[in-house]
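Enquirer: Generate coordinates for the sequence data below:
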Amino acid sequence: MEKFMLIIREDLERMGKLTNEERFSNIPMMLEWVDSLIASGNYIMGEPLYLSGRYVSKDQILSDGPFIESREGISGYELIRAENIEQAAAIAQTCPLVQRGLAVREVRPVYTAFGVNNDQH
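Expert: Numbering: from 1, shown residues only. Take a look at the predicted model:
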């Protein structure tokens, strides 16, 4: 099995208007989804992210985000196991936030040392 990162991308403008209670109201359905990934043996780990952070380049560190002129930002991630990118994308599509049109998922293979993407767990 290969490792993949499922990156959660959400509308930052919409997210910025939500209270923490509203933002995290989807946690129960997300935990249920994660439980299903654990049961299937696909889940490795994942967490939500704060909306602000630091954007670092060679010459500067910006401390007030969101940063790039974009409406979309990363609000969390999961690391999963899947047979291939097609299976990982199919798993990402089952995310409740995706199903409700609240977020999109970027699916990226994890590049491990020497180009080998295997799981030692």
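Enquirer: ok, G76 - contacts?
Expert: G76 sits next to I8, G46, E47, P48, L49 when contact means C-beta atoms under 8 Å, 6 or more residues apart in numbering. From N, CA and C alone the C-beta is placed, and that goes for glycine too.
Enquirer: So which of these wins on neighbours?
Expert: Counting neighbours by other C-beta atoms under 10 Å, I8 leads these with 23 neighbours.
Enquirer: What helix or strand is that one located in?
Expert: Secondary-structure assignment from DSSP states H and E places I8 in strand 2-11.
Enquirer: following that strand, which helix or strand shows up next?
Expert: Downstream of strand 2-11, the first helix or strand assigned by DSSP H and E is helix 12-16.
Enquirer: avg pLDDT for that following helix?
Expert: On average, the pLDDT along helix 12-16 is 79.
Enquirer: That helix packs against which elements?
Expert: strand 72-82 (3 or more C-beta pairs under 8 Å, 6 or more residues apart in numbering; DSSP states H and E).
Enquirer: Check the offset of the helix or strand that comes right after the strand it packs on from the chain's centre.
Expert: Where DSSP H and E defines the elements, the next helix or strand beyond strand 72-82 is helix 85-93. Offset of helix 85-93 from its chain centre (C-alpha atoms, centre = their mean, to the nearest Å): 13 Å.
Enquirer: quick one: helix 85-93 to strand 2-11, angle?
Expert: On the basis of axes from the mean of the first three to the mean of the last three C-alpha atoms, to 10 degrees, helix 85-93 is oriented at 40 degrees to strand 2-11.
Enquirer: in helix 85-93, what counts as buried?
Expert: Of the residues in helix 85-93, Q87, A88, I91, A92 count as buried by neighbour count, 16 or more other C-beta atoms under 10 Å.
Enquirer: Who are the contact partners of the second one?
Expert: Think A88. So A88 contacts E2, F4, L6, I80, A82, V107, P109 (C-beta under 8 Å, 6+ apart).
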